[in-house]
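> Structure for the following, please:
(one chain, ligands or ions: 1)
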Amino acid sequence: MRLYCHEHPETLTLESEVIDARPGAVALAESPFYPGGGGQPADRGRIRWEGGESAVVGFEYAGGLLWHLIEGNAEAKGKAEAAVDPAFRRIMRQLHTDTHILNALIFQAFDGALVTGVQMYEDGSARMDFDLPGADNERIKALEAPINDAIRQDIALRFDYVPLAEAEAQHGLIRSRSVAPPPTPDGLIRIVEIVGLDRQACGGTHLASTGASPALRILKIDNKGRHNRRVRIALAGVSGLGN
Ligand SMILES: [Zn+2]
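Okay, here's the model as predicted:
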């Protein structure tokens, strides 16, 4: 899947043609919104058109189109301006990039351990589940310092596409047992690289470099079954206790 937000991560407001509409839903020729997936919640924001405006409350794919579900029963027409909530997107980019750093350090420290689940929350906290049978939770907790080193080093991210078969053949490139990004129509899969630290398939939104994230805290580690460890993390200043 190729998204406008992958190619133009800094463009949060975009004028576009309404290509289809019904009461409460609109499809645009191009959209800056991330529709959710891979543990990252969908963007929030608004769509404005001549004579109307509404909040975007969700997304659905139907008939080959990405539909923006909008509050109320309005029907958009003509040209529309789509505007992503910048604060929400910023938090998601920070948190999502930091989940890759945690993931990379777990992968290195624990012998290629894989992700079994991930969920990010709007408050700037997240949980990641790893297949880590017998791991010492203190060793996981101790990764907080190297995570913050990687943030302070302000490491650049790079984005690329490789054929799905190639991605599947390379150990560690598909890191998750549960969440794999959908390939593009031509069979390519998106690769997100934190240069020198991590390289993995992912379809979410990320920072241009790690230094744009605030510090990260490891809040808590829970044992979930024999194999799973659930690591709860939060951006500095976020309690993360509600999730
Ligand atoms: Zn990602």
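> ok, then the element right after the host helix or strand of R90?
In the assignment (DSSP states H and E), R90 maps to helix 86-109. Beyond helix 86-109 on the C-terminal side, the first helix or strand identified by DSSP H and E is strand 115-120.
> Put the alpha carbons of that following strand into PDB.
Extracted in PDB, the C-alpha atoms of strand 115-120 (Å, rounded to 0.1, in the frame of the first residue of the first chain):
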ATOM      1  CA  VAL A 115       7.000  -8.700  18.100                       C
ATOM      2  CA  THR A 116       3.700 -10.300  18.800                       C
ATOM      3  CA  GLY A 117       1.600  -7.200  19.100                       C
ATOM      4  CA  VAL A 118       1.700  -3.400  19.400                       C
ATOM      5  CA  GLN A 119      -0.800  -0.700  20.200                       C
ATOM      6  CA  MET A 120      -0.200   3.000  20.400                       C
END
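> does the helix or strand following that strand come close to the ion?
Using DSSP H and E, the helix or strand that follows strand 115-120 in sequence is strand 125-131. No. Judged by CB under 5 Å from the ion, strand 125-131 stays clear of the ion, getting no closer than 11.4 Å. Where C-beta positions appear, they are placed from N, C-alpha and C, glycine not excepted.
> does V162 really touch G187, like I thought?
No. Counting by CB atoms under 8 Å, V162 sits too far from G187 to count as a contact (10.0 Å).
> what helices or strands is the helix holding R90 leaning on?
The elements that helix 86-109 packs onto, with contact taken as 3 or more CB pairs under 8 Å, 6 or more residues apart in numbering; DSSP states H and E, are strand 115-120, strand 125-131, helix 144-152, strand 188-194, strand 198-201, strand 216-224, strand 228-235.
> ok, the nearest residue to I174 once chain neighbours are set aside - how many residues close by?
Nearest residue to I174, sequence neighbours excluded (CB to CB, 6 or more residues apart in numbering): A201, at 5.0 Å. The tally of other residues near A201 (other CB atoms under 10 Å) stands at 24.
> Just list the residues touching A201, thanks.
Shown in contact with A201 (CB atoms under 8 Å, 6 or more residues apart in numbering): A167, L173, I174, R175, A180, P181, I189, R190, I191, V192.
> Can you read off the pLDDT for the first one?
Confidence per residue is given as pLDDT, and for A167 that number is 88.
> That one and D131, how far apart?
Using CB to CB, to the nearest Å, A167 is found at 19 Å from D131.
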